[in-house]
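S.K.: Below are the sequence and a predicted model; questions follow.
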Amino acid sequence: MRVAGHGISIDLPAGWEARIFRREGGEPVLHAATFALHDGDGDFGVAATGRMRGDDMFAALIQYRVEHPIEPGKGLFAPTALPVAPKAHEFDPMQLQVTRRGQFGRQRFFSHAGLPYCLYLVIQPARQRLDRLAGELGVVLATLQLSGPASSAAP
């Protein structure tokens, strides 16, 4: 299933759910997960990640507004490649927005087509190993597409 909106699109396998939204006055946000998502969650999915169970995965793509001190292509946002192939060793509980037992996070900031983004990933391995979940998440993220500056003008 393909989910698209606000200049962001992603293909999801069976069992995944996604939402692409934009708060009033804000920039687009994508949430994708292996469990049910609810409206009204924060950009980094704090409520959603609090509902995660064994072998669940969550991804958030947050587009930032270009304003001082956020400059695409500079500092934290210097990388220009979409960080879509996570490796198990890159996940760490210290990269979580909210630390929760059994969860591992990965944050990558980057720029694409002159816009700054953060890709935030959370996995909670139970039966499957961390490397297997990272690989499954990478397959989904490989379908992520960003249209560029037009996404900033989307309603």
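M.R.: All right, it came through fine.
S.K.: Walking through this protein, point out its strands one by one.
M.R.: Secondary structure of the chain, counting by DSSP state E: strands at 2-5, 8-11, 17-22, 28-33, 56-63, 104-112, 115-124, 145-146.
S.K.: Name the residue closest to the centre of the protein, please.
M.R.: Residue closest to the average C-alpha location in the chain (Cα atoms, centre = their mean): A60, at 2.4 Å.
S.K.: pLDDT score for the closest residue to that one other than its chain neighbours?
M.R.: Spatially, and ignoring its direct neighbours in sequence, A60 is nearest to Y120 (4.4 Å; Cβ to Cβ, 6 or more residues apart in numbering). Quick note: C-beta positions are derived from backbone N, CA and C, even for glycine. As summarised for this prediction, Y120 has a pLDDT of 98.
S.K.: again with G148
M.R.: Note on G148: pLDDT of 64.
S.K.: let's have the chain start at 5 instead
M.R.: All set: I'll call the first residue 5, so the last point we hit is now G152.
S.K.: Quick one: distance of stretch 111-131 to the chain centre.
M.R.: Centre-to-centre, stretch 111-131 and its host chain are 5 Å apart (Cα atoms, centre = their mean, to the nearest Å).
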